[in-house]
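Peer 1: Return a 3D structure for these sequence lines:
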Amino acid sequence: MAQVINWCCIIGLSEMQVEKIGGDELREIKSEFERLAKKYNKKVNPQITYTIVQKRISNRFFLKQNSQFFSPFPGTYISSRCGVTSEMLTEFYLVPSAAHPNQGTATPTRFTVLQNNAFESLFSEQAAEKKLASFSFQLCFMYFNWPGSIRIPAPLQYAAKLSKLCTEFATGLVHRNLQGKNWLYFL
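Peer 2: Numbering: from 1, shown residues only. Next comes the predicted model:
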């Protein structure tokens, strides 16, 4: 069975806008799979996990030891069951990297899960969220242009970098050898 895990980075939207835009994108993904199934006469019913990632948030979390407060450690996972997340949506926070010394607290990243079938087909609902958080945290170390972890999963950072490069350098028409072909070209 096919499994599709998708992260989408949306900046500057409210909770309701996140649900609306994410829901629209999720419907488009499902309809594209249905279109492909009809085109090739195959039954395609992938298990989809669709997560919206927001790294520009104002929330901060602290670790209290004795009477002192510290920045949370990398890998800290704040569950939807802790009472600090939305009751309307399934979401969790993840602290992917440590705070820089003398520069404040570590900044968490918000993950809003609109659908989690890929993990829920393998684990219980509670374990599925933890597995998604763990997988997302591991992917924060997979960006090869940085020696440590970054704040979002590497596929999102690669997509952002590719998008930026295309808008900066891919001007003009496509080379005539690439026109009319169904090839991917980036630069």
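
Peer 1: nearest spatial neighbour of Ser79, skipping sequence neighbours?
Peer 2: In space, and not counting its chain neighbours, Ser79 is closest to Phe92: 5.6 Å by CB to CB, 6 or more residues apart in numbering. Where you see a C-beta, it was placed from the backbone N, CA and C, and this is true even at glycine.

Peer 1: residues touching the closest residue to Asn59 other than its chain neighbours, list them.
Peer 2: Closest residue in space to Asn59, ignoring its immediate chain neighbours: Pro108 at 6.0 Å, by CB to CB, 6+ apart. By CB atoms under 8 Å, 6 or more residues apart in numbering, the contact set of Pro108 is 57, 59-61, 72, 76, 78, 93-95.

Peer 1: rerun that using 10 Å as the cut-off
Peer 2: Contact analysis of Pro108 by CB atoms under 10 Å, 6 or more residues apart in numbering lists 54-55, 57, 59-61, 72, 76-78, 92-96, 151.

Peer 1: before we move on, back to that, isn't the residue nearest to Ser79 up against Glu129?
Peer 2: Yes: under the criterion of CB atoms under 10 Å, Phe92 makes contact with Glu129 at 6.2 Å.

Peer 1: Can you check which residues contact both of those two?
Peer 2: Here Phe92 and Glu129 have 77, 79-81, 111, 113 as joint contacts, going by CB under 10 Å, 6+ apart.

Peer 1: Next, please give the residue ranges for the helices of the chain.
Peer 2: Here the chain has its helices, by DSSP state H, at 15-40, 117-120, 125-139, 154-169.

Peer 1: among these, which is the most enclosed?
Peer 2: Highest mean neighbour count of these: helix 117-120, a mean of 20 (counted as mean count of other CB atoms under 10 Å).

Peer 1: if we look at that helix, which residues are touching it?
Peer 2: Helix 117-120 is contacted from outside by 1-6, 45-50, 113, 125-133, 135, using CB under 10 Å, 6+ apart.

Peer 1: Dump the C-alpha coordinates for it into CSV.
Peer 2: C-alpha atoms of helix 117-120 as CSV (Å, rounded to 0.1, in the frame of the first residue of the first chain):
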residue,chain,number,x,y,z
ASN,A,117,-3.4,7.9,7.9
ALA,A,118,0.1,6.8,7.0
PHE,A,119,1.2,6.5,10.6
GLU,A,120,-2.2,5.6,12.0
